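> Any chance you can model this:
(one chain, ligands or ions: 1)
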Amino acid sequence: MTTRLLVATHNRGKMREYAALLADLPIEVTWLDAEGIDAEVDETGVTFAENAVLKARAYAAMSGLLTWADDSGLEVDALDGRPGVYSARYGGPGLSDDARYRALLAEMAGVPDAQRTARFHCVVAIAQPGGAVVTADGTVKGTILHEARGSNGFGYDPVFFVAGYDASMAELPAEVKNRISHRARAAAGASELLAHLLPSTPVE
Ligand code: IMP
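The predicted structure is shown next:
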């Protein structure tokens with residue numbers, strides 16, 4: 001019988017990315033919406049790993065399925081790693097993506113170029129209904145620009161200058177971002193771990 005994997009996200013962009021990434025594995029991918037699960041899990045952890053693990057475990061318990069969940073955000077060195085796990089909430093509730101990155105630019109005003117280093121960070125957790133869980137990390141390094149550039153992507157992409165690409169994340173085509181992003185890197189590691197959890201896959 002084919003193993004079913006619940007990918008615990010409502011985000012359409014992530015659904016597209018993860019569906020493509022998991023397409024070669026001998027699994028049937030399903031989604032929260034398809035399983036009729038609309039419960040939200042509070043992200044009460046203080047690290048990406050804690051939040052990814054608590055979401056994966058909670059949805060695995062609700063669904064009885066092997067479950068994949070992630071947490072991600074932006075870590076800025078000059079801000080001691082903020083906004084970090086609070087990236088989606090930075091600047092206050094109800095802000096648009098643009099207002100959030102403008103709040104970041106305002107907080108970073110006066111910080112010299114050499115001190116504007118940052119990274120996007122993602123952790124993917126895969127939980128079994130019994131509670132066993134594995135995690136994989138991915139990061140992408142860059143610096144915080146002084147003004148927004150580009151219109152692709154979402155979130156902080158327009159103010160994140162990607163190390164080695166001479167472009168902001170929002171100037172890169174989706175295919176490039178989806179190859180080099182923190183999420184793509186964490187997902188690649190997680191899909192290797194997943195292959196070892198599947199009954200039909202011989203373990204070396
Ligand atoms: P979550 O993993 O969906 O909880 O994302 C948390 C927040 O981190 C998002 O709302 C964005 O503000 C930020 N973030 C995560 N990944 C990215 C990305 O690829 N580009 C820009 N911002 C991101």
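> By mean pLDDT, flag the weakest helix or strand of the protein.
When the helices and strands of the chain are scored by mean pLDDT, DSSP states H and E, helix 12-22 comes last with a mean of 83.
> Quick check: buried residues in that one?
The neighbour-count check on helix 12-22 (16 or more other C-beta atoms under 10 Å) flags 14-15, 17-18, 21-22 as buried. For glycine as for every other residue, the C-beta is placed from the backbone atoms N, C-alpha and C.
> Now do the helices in this protein.
12-22, 48-63, 97-107, 174-180, 182-197 (DSSP state H).
> how about the residues of this protein near the ligand?
11, 70-74, 87-88, 120, 153-157, 169, 181 (C-beta under 6 Å from any ligand atom).
> Quick one: distance of the least confident helix or strand of the chain to the chain centre.
How far helix 12-22 lies from its chain's middle: 11 Å, per C-alpha atoms, centre = their mean, to the nearest Å.
> Same check on stretch 58-78?
Per C-alpha atoms, centre = their mean, the centroid offset for stretch 58-78 relative to its chain is 8 Å.
> and if you look at stretch 53-62?
16 Å.
> try stretch 177-186
9 Å.
> So what touches stretch 47-66?
When contacts are defined by C-beta atoms under 8 Å, 6 or more residues apart in numbering, stretch 47-66 is touched by residues 3-6, 8, 30, 32, 35, 37, 39, 41, 43-45, 67-73, 84-85, 121-129, 131, 133, 135, 137, 197.
> All set now, cheers.
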